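Asker: Just to be clear, the model below is a prediction. Sequence and coordinates:
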Amino acid sequence: TQSTRPQRILGAVQQNATRGDPRSVVRAIDQYCRSQEWAMNVGDEKGCILDSVVSEVNPSTVLELGTYCGYSTVRIASLLPPHAKLITLEFNPKFAVIARQVIAWAGLEDKIQLVEGSSGDLIPKLKEQFGVKAFDLVFLDHWKDRYLPDTKLIEECGLLRKGGVLLADNVICPGAPEYLEFVRSSPRYESQYFKSHLEYTKVEDGLEKSVFLG
Ligand SMILES: Nc1ncnc2c1ncn2[C@@H]1O[C@H](/C=C/CNC(=O)c2cc([N+](=O)[O-])cc(O)c2O)[C@@H](O)[C@H]1O
Ligand SMILES: [Mg+2]
């Protein structure tokens, strides 16, 4: 039977990456998606910007919205300090199954908690169910029309600490215009655009980093 793109991405990891070596997992996915078939991973170019923001924030707790195959999940977690935790939300069970195997291949199960369900349902439960106090970093990479409602939900639930950082992928392509307008005009955020390119292409895209001022 025909395999799916996420299954083929997992295959590329299992064939080309070293078990327990997260950066080799990231490299294997980028090589596959650049040479064989495009996929919506944040990718290697924007990934370097992601790495620099993660290293600068040096977060203890990270929230990722939209796991997909786990590329950015592994990329972020590979840079976290020893006791830091990353919670990633994914509502498509078929993607979650793949992402769990990619995370396991990278040997990062202890740092990453993949929770299946929709962000709108799960965000209000994160405090009580997962003992989360507040996030130091949120990486938004799910449906683009959910960026703004979920940001407001995260604020309402008191899940973002003062000085906490929102980092949003695809603010140009496919684009998240309402989100961008909100974080750039709100006095409660200090926003900065990192110009780059859509993964594996020459099309313009970028990341928006927004510091929550409380
Ligand atoms: N509310 C929610 N709660 C939990 N999981 C959710 C969710 N909404 C979506 N998801 C999951 O997040 C991923 C969607 C990403 C959309 N990205 C994109 O559509 C995308 C498109 C392009 N592109 O078209 O060039 C490039 C990119 O970098 C992109 O991220 C999928 O795995 C989906 O199942
Ligand atoms: Mg993206």
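Answerer: Great, that's in hand. Ligands and ions are numbered 1, 2, ... in the order given.
Asker: For this structure, what lies in contact range of ligand 1?
Answerer: 40, 66-68, 89-92, 95, 118-120, 141-143, 146, 169-170, 173-174, 198-199 (CB under 6 Å from any ligand atom). Every C-beta, even on glycine, is put in place using the N, C-alpha and C of the backbone.
Asker: Can you tell me the element Glu109 falls in?
Answerer: Glu109 belongs to no helix or strand when elements are defined using DSSP states H and E.
Asker: From what I see, it and Ile103 are in contact.
Answerer: Yes: between Glu109 and Ile103 there is a contact at 6.0 Å, judged by CB atoms under 8 Å.
Asker: Now do the strands in this protein.
Answerer: In the chain, the strands defined using DSSP state E lie at 61-65, 85-90, 112-116, 135-140, 160-168, 189-197, 204-212.
Asker: now the third one: how far from the chain's centre is it?
Answerer: When you say that, I think you mean strand 112-116. 12 Å (CA atoms, centre = their mean, to the nearest Å).
Asker: on that earlier part again, ok, Glu109 and Ile103, which is more surrounded?
Answerer: Neighbours per residue (other CB atoms under 10 Å) separate Glu109 from Ile103, with Ile103 holding more: 25 against 12.
Asker: Would you work out how far apart the start and end of stretch 121-138 are?
Answerer: Using CA to CA, to the nearest Å, the span of stretch 121-138 from its first residue to its last is 17 Å.
Asker: actually stretch 84-93, not the one I typed
Answerer: End-to-end distance of stretch 84-93 (CA to CA): 25 Å.
Asker: count of neighbours near the closest residue to ligand 2 within the chain?
Answerer: Closest residue of the chain to ligand 2, CB to the ion: Asp169 (3.7 Å). A count of nearby residues for Asp169, using other CB under 10 Å, gives 31.
Asker: Quick check: buried residues in the worst-scoring helix or strand of the chain on mean pLDDT?
Answerer: Across the helices and strands of the chain, mean confidence by mean pLDDT, DSSP states H and E is lowest for helix 126-130: a mean of 93. By 16 or more other CB atoms under 10 Å, the buried positions in helix 126-130 come out as Leu126.
Asker: Only the C-alpha atoms, please, for stretch 95-110, written as PDB.
Answerer: The C-alpha trace of stretch 95-110 is given here as PDB (Å, rounded to 0.1, in the frame of the first residue of the first chain):
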ATOM      1  CA  PHE A  95       1.200  12.600  12.400                       C
ATOM      2  CA  ALA A  96       1.500  12.000  16.200                       C
ATOM      3  CA  VAL A  97       2.400   8.300  15.600                       C
ATOM      4  CA  ILE A  98       5.200   9.300  13.200                       C
ATOM      5  CA  ALA A  99       6.500  12.200  15.400                       C
ATOM      6  CA  ARG A 100       6.700   9.900  18.500                       C
ATOM      7  CA  GLN A 101       9.000   7.600  16.500                       C
ATOM      8  CA  VAL A 102      11.200  10.500  15.200                       C
ATOM      9  CA  ILE A 103      11.500  11.800  18.800                       C
ATOM     10  CA  ALA A 104      12.400   8.200  20.000                       C
ATOM     11  CA  TRP A 105      15.000   7.900  17.300                       C
ATOM     12  CA  ALA A 106      16.600  11.100  18.500                       C
ATOM     13  CA  GLY A 107      16.500   9.800  22.000                       C
ATOM     14  CA  LEU A 108      14.600  12.800  23.400                       C
ATOM     15  CA  GLU A 109      11.600  11.100  24.900                       C
ATOM     16  CA  ASP A 110      12.600  12.300  28.400                       C
END
